[in-house]
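In: My questions are about this predicted structure, shown below with the sequence.
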Protein chains: 2
Amino acid sequence: MARRKEYKEEEVIEKAMQLFWRNGYETTSVRMLEKEMGINQFSVYASFGNKQGVFLESIKCYKKKAQFELIDRLDNSDGVEGIKQYFYNFIEFSKDKNSNKGCLLTNTVNELGENADTLIMSEIVKFATNVKESFINKLSFNSQKDKVTIDKQANYLMVALQGLSVASKMFNAKQLDDFIEVTFKNV
Amino acid sequence: MARRKEYKEEEVIEKAMQLFWRNGYETTSVRMLEKEMGINQFSVYASFGNKQGVFLESIKCYKKKAQFELIDRLDNSDGVEGIKQYFYNFIEFSKDKNSNKGCLLTNTVNELGENADTLIMSEIVKFATNVKESFINKLSFNSQKDKVTIDKQANYLMVALQGLSVASKMFNAKQLDDFIEVTFKNV
DNA sequence: AATATTTCTAAGCAATTGCTTAGTTTTGGT
DNA sequence: ACCAAAACTAAGCAATTGCTTAGAAATATT
């Protein structure tokens, strides 16, 4: 007995996510969001509560996308070489027209730091744990490394991945290749 | 035949820099700046033109500080071990009360990306070049590595340093230690 | 066809943004 | 002591921020 929504949450949030990914949280205004999402501000607030709500759903959307395009492929690969390929895949994944957007989650931590909403931070931490577990999995594959070494190397790769995310915004392809190549000499 | 300024540009810009370092560019408002710098908005604009101007001088101030506390020490050290110490020094350098602020220059690139002012970007690039040259210098110290290998390793260390900057905001001391230790295994 | 319920449009809200300006106070040279 | 030049205070500017609301349009049930 009511009017039907003219949009699907899933579809408009994907566009919001892309905008946040390109511009960061603060720089993205609600006016920009309604334009990009193609719906009125009223609908934005009706569906997601507030700007933070839109961002939280955007984070979830990003995680799904990364899970599908990066983590699943990693889990289906073999050994350390699979992790290396993950690094290369990430660069492609985060490519924009001319530049690189980095990782949305890394960008968020870097921008908001400890001011970030707890719900949002918890989503980010969960994903990071997820990635590290996959790394540990691959590092253990056909290897007699002890647990301590594997954890150490997993920590190493996690930080290296953050480095790739930031550096991809300002460094050229050769420099990033150099980085990845030398990075995997150490594991 | 005129009134004297009641502040020194150098002193108030140091405080502005600290504020930008803690909060980033967008989040730092001119009202926050005048409060922290202890001078009226009029004086802010009279001395530095606009917000970007304050930021540009803050960047220069940061570079001086980093030059003195990090680069000079690196240049006076020996070989690769000196670079490793640079990484550890950076963590101390960027420490706040509870958390880490990362590197102001890295934070800026990450926040503003390609939207950053050209003057500001040029200051950042100059500093990065500076750091890389010091790395190359240390990598060449008592070493028969060829030029290509040295450049490759310098690129590697530059990206690794970005990683440390971002990761220091969210990872614990053990994880950062693991990172630094493994990073320097093969250089 | 009438009704109740939801979604839409679009105008409007107070608060904050970067920046300016009017007017007062301080100063050194005459 | 007076005056011109610079630096101060504090109020005010238009534009933008996140968010709300009044009212019109659309729909499934009766």
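Out: Nice, I can see it.
In: which parts of stretch A:48-57 are buried?
Out: By 16 or more other Cβ atoms under 10 Å in any protein chain shown, the buried positions in stretch A:48-57 come out as A:48, A:51, A:54-57. From N, CA and C alone the C-beta is placed, and that goes for glycine too.
In: ditto for stretch A:133-141
Out: Residues A:134-139 are the ones in stretch A:133-141 that count as buried (16+ other Cβ under 10 Å).
In: sorry, back to before: biggest separation within the buried residues of stretch A:48-57, which pair?
Out: Across those, the longest distance by Cβ to Cβ is 11.1 Å; it joins A:K51 and A:E57.
In: got a pLDDT number for the nearest residue to A:D96 once chain neighbours are set aside?
Out: Of all residues not flanking A:D96 in the chain, A:R22 sits nearest, at 6.8 Å (Cβ to Cβ, 6 or more residues apart in numbering or on different chains). In this model, A:R22 is scored at 94, pLDDT.
In: cool, and A:N115?
Out: The model's pLDDT for A:N115 equals 81.
In: follow-up on the earlier one: taking the buried residues of stretch A:48-57 one by one, which sit in strands?
Out: Residues of these located in strands (DSSP state E): none.
In: Nearest to DNA strand C among these?
Out: Minimum distance to DNA strand C across the buried residues of stretch A:48-57 is 11.6 Å, recorded for A:F48 (Cβ to the nearest atom of the strand).
In: List the contacts of that closest one.
Out: A:9, A:13, A:54, A:56-57 (Cβ atoms under 8 Å, 6 or more residues apart in numbering or on different chains).
In: from those residues, which is closest to B:N100?
Out: Proximity of those to B:N100 (Cβ to Cβ) peaks at A:L56, which lies at 24.8 Å.
In: my guess is that closest one meets A:L119, correct?
Out: Yes - using Cβ atoms under 8 Å, A:L56 is in contact with A:L119, at 5.8 Å.
In: How about the residues of chain A by DNA strand D?
Out: Neighbours of DNA strand D within chain A, by Cβ under 7 Å from any atom of the strand: A:1-4, A:28-32, A:41-42, A:45, A:50-52.
In: Compare those residues and tell me which has the most neighbours.
Out: Using other Cβ atoms under 10 Å in any protein chain shown as the neighbour test, the residues of chain A next to DNA strand D are led by A:T28, with 20 neighbours.
In: That one sits in which helix or strand?
Out: Per DSSP states H and E: A:T28 is located in neither a helix nor a strand.
In: Tell me the helix or strand right after the longest helix along chain A.
Out: In chain A, taking DSSP state H as the definition, the longest helix is helix A:118-140. Next along the chain after helix A:118-140, taking DSSP H and E as the criterion, comes helix A:147-167.
In: I'd like to check the angle between that following helix and helix A:118-140, please.
Out: Interaxial angle, helix A:147-167 versus helix A:118-140 (axes from the mean of the first three to the mean of the last three Cα atoms, to 10 degrees): 120 degrees.
In: Can you list the buried residues in whichever strand or helix holds A:R73?
Out: Taking DSSP H and E as the definition, one finds A:R73 inside helix A:72-75. In terms of neighbour count (16+ other Cβ under 10 Å), helix A:72-75 has its buried residues at A:L74.
In: Check what contacts that helix and list those residues.
Out: With Cβ under 8 Å, 6+ apart as the test, helix A:72-75 has contacts from A:82-83, A:85-86, A:89, A:134, A:137-138.
In: of all the residues you listed, which comes closest to chain B?
Out: Nearest to chain B out of these is A:I83 (Cβ to the nearest Cβ; 13.5 Å).
In: Look up the closest residue to the closest residue to chain B within chain A, ignoring the ones flanking it.
Out: Distances between chain A and chain B by Cβ to the nearest Cβ are smallest at A:G163, namely 2.2 Å. Nearest residue to A:G163, sequence neighbours excluded (Cβ to Cβ, 6+ apart): B:G163, at 2.2 Å.
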